[in-house]
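Visitor: predicted model and sequence follow; I will ask about them next.
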Amino acid sequence: CLATLIIMLVGDTYTLINYVSFINYLCYGVTIIGLIVLRWKKPKIFRPIKVNLLIPITYLAFWAFLLIFSLYSEPIVCGVGLIIISTGVPVFFLGVYWRNKPKCVNRLIESMTCWGQKLCFVVYPQCGSAEEE
């Protein structure tokens, strides 16, 4: 969000749309790859919707073409998009990967989550952490 706000202040909206489009298509492709990997590694788990694997494989072929073409035609825009995505790596390590956080960090993360949920009306805020229950 911070990177997006900075780009909005510095650049134009068309450039921001290009960054976000590249990021979206990259994430869609990674999601489809995950679907195929799960179908291959865990074929017996319950799936409410199951499609023929030809559909995601065809999608991936078109996705790869569009992604390679985007990287070839606008490498700077794609590079900035990758930089925007990589800003989430420290957040992942601080919030998910780091298991033995001090209590003050856990409380800070909990309060930020609760504040964000209240601000965006996305999830009913829960009091207390999941670790306490």
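Guide: Received it, and whenever you're ready, just let me know what you need.
Visitor: where does pLDDT dip in the protein?
Guide: Low-confidence segments of the chain, defined by pLDDT under 70: 3-4, 6-8, 10-11, 124-133.
Visitor: can you pull out the helices in it?
Guide: Along the chain, the stretches classed as helices by DSSP state H are 2-10, 13-41, 54-73, 75-86, 88-92, 103-120.
Visitor: nearest to residue 47, of those?
Guide: Taking C-beta to C-beta as the criterion, helix 13-41 is the member of these that comes nearest to residue 47, at 8.3 Å. Quick note: C-beta positions are derived from backbone N, CA and C, even for glycine.
Visitor: returning to what we had before: now the helices of the chain as CSV including distance to residue 47 and mean neighbour count?
Guide: Converted to CSV, these look like this (distance: least, C-beta to C-beta, whole Å; neighbours: other C-beta atoms under 10 Å):
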stretch, distance to residue 47, mean neighbour count
helix 2-10, 34, 11
helix 13-41, 8, 14
helix 54-73, 13, 13
helix 75-86, 28, 15
helix 88-92, 27, 10
helix 103-120, 29, 12
